[in-house]
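>>> quick one: sequence and predicted model below, then my questions.
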Amino acid sequence: PEGVLQVLPGGAEAGAQLVADPNVAVISFTGSTAAGRKVGEAAGRHLKRAHLELGGNSPLVVLDDADVDRAASVGAWGSFLHQGQICMTTGRHLVHESLAEAYVEKLAAKADALTVGDPDQEGVALGPIIDIGQRDHIHDLVARSVEAGARVRAGGTYDAQFYRPTVLDGVTSGTPAFHEEVFGPVAPVIPFSTFDEAAEIAAASDYGLSLGILTGNPMRGMELADRIPTGIVHINDQTVDDEAVAPFGGVGASGTGARFGGTRANLEAFTETQWVTMQSEIQQYPF
């Protein structure tokens, strides 16, 4: 019916009014973690439920028994799809040290081979960054990462709003492009030596949205996934997987959990349970 779906363009002021309006019973917000904190605080003051789908810095873990050629393809798709402008984008590549150099070489070759430009043109893989401000944010993270010791193995340059798919190695857990959410086509790669170290690095993040694990043994992947706080896990696939019928969401700085997708999750998110009793006659009591 007319008016069921409405779009109200606006900034923070419009958002604040929507949260405060008594006619709005539930707030469903998708956006940055910083903005999500403000929405959650405002919703709390008005005693409203707020379902928050926020940022991410999702890890892709490549175990020592993974096929490195397939792994590089998975990693390229996870980091470069839609210019990395997806909350579930693969933001961190954790690769076993025995595969790390081969993985970086193959990932960089794929990045160099991708065409950046008008996405309406055939053969173009990456389009523009959403705006100049975000482009500058991406480049600043890359530049600060290089200053901190990372090496650019592919990309690291831009033309107007078109940023080249970028691969970084020489990365540590404190490298800006590895530690912070980039929201751009940047793939920082860090090696690990043991299963325990992989779990520790992957879990060392404020975010917890999506996780990909590549391995020749899916049960080994599940064992690792059990040790990493995250709302979504994909064994032998990249982090950018979504299904409208499956609950979606993250933990920590990524939001308030899997609250959307599928009949059960949606009903719980956007409805209230009402308890009703009924008798054919008025009940009698002793007084």
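Yes, it's here.
>>> ok, residue 212 touching residue 238?
Yes: between residue 212 and residue 238 a contact is recorded at 4.9 Å, counting by C-beta atoms under 8 Å. To be clear about C-beta, it is placed using only N, CA and C from the backbone, and glycine gets the same treatment.
>>> common neighbours of those two, please.
Contact criterion C-beta atoms under 8 Å, 6 or more residues apart in numbering; residues shared by residue 212 and residue 238: 60, 74, 78, 90.
>>> one step back: higher neighbour count, residue 212 and residue 238?
Set residue 212 next to residue 238 and count neighbours by other C-beta atoms under 10 Å: residue 212 wins out with 30 against 23.
>>> from residue 156, how far out is that one?
24 Å (C-beta to C-beta, to the nearest Å).
>>> on that earlier part again, and the two most separated of the shared contacts of residue 212 and residue 238?
Greatest spatial distance in the shared contacts of residue 212 and residue 238: 74 and 90, 8.3 Å, computed using C-beta to C-beta.
>>> compare these two (neighbour count), which wins?
Neighbour count, other C-beta under 10 Å: between residue 74 and residue 90, residue 90 has more, with 28 against 24.
>>> skip the chain neighbours and tell me the closest residue to the more buried one.
residue 78 (3.1 Å; C-beta to C-beta, 6 or more residues apart in numbering).
>>> can you pull the contacts of the one you found?
Shown in contact with residue 78 (C-beta under 8 Å, 6+ apart): 58, 60, 89-90, 212, 238-240.
>>> which one of these is nearest residue 99?
Using C-beta to C-beta, residue 60 is the member of those that lies nearest residue 99, at 12.5 Å.
>>> contact partners of whichever strand or helix holds the closest one?
Assigned by DSSP states H and E, residue 60 falls within strand 58-62. Strand 58-62 is contacted by residues 68, 71, 74-75, 78, 88-96, 99, 103, 198, 201-202, 205, 207, 209-214, 224, 228, 230, 238-239 when judged by C-beta under 8 Å, 6+ apart.
>>> do stretch 21-33 as well
With contact meaning C-beta under 8 Å, 6+ apart, stretch 21-33 is reached by 15, 18-19, 35-36, 39, 43, 48-55, 87, 181, 206-207, 253-254, 260, 269-270.
>>> just the buried ones from those?
Neighbour-count burial (16 or more other C-beta atoms under 10 Å) applied to the contacts of stretch 21-33 gives 15, 18-19, 35-36, 39, 43, 48, 50-55, 87, 181, 207, 253-254, 260, 269.
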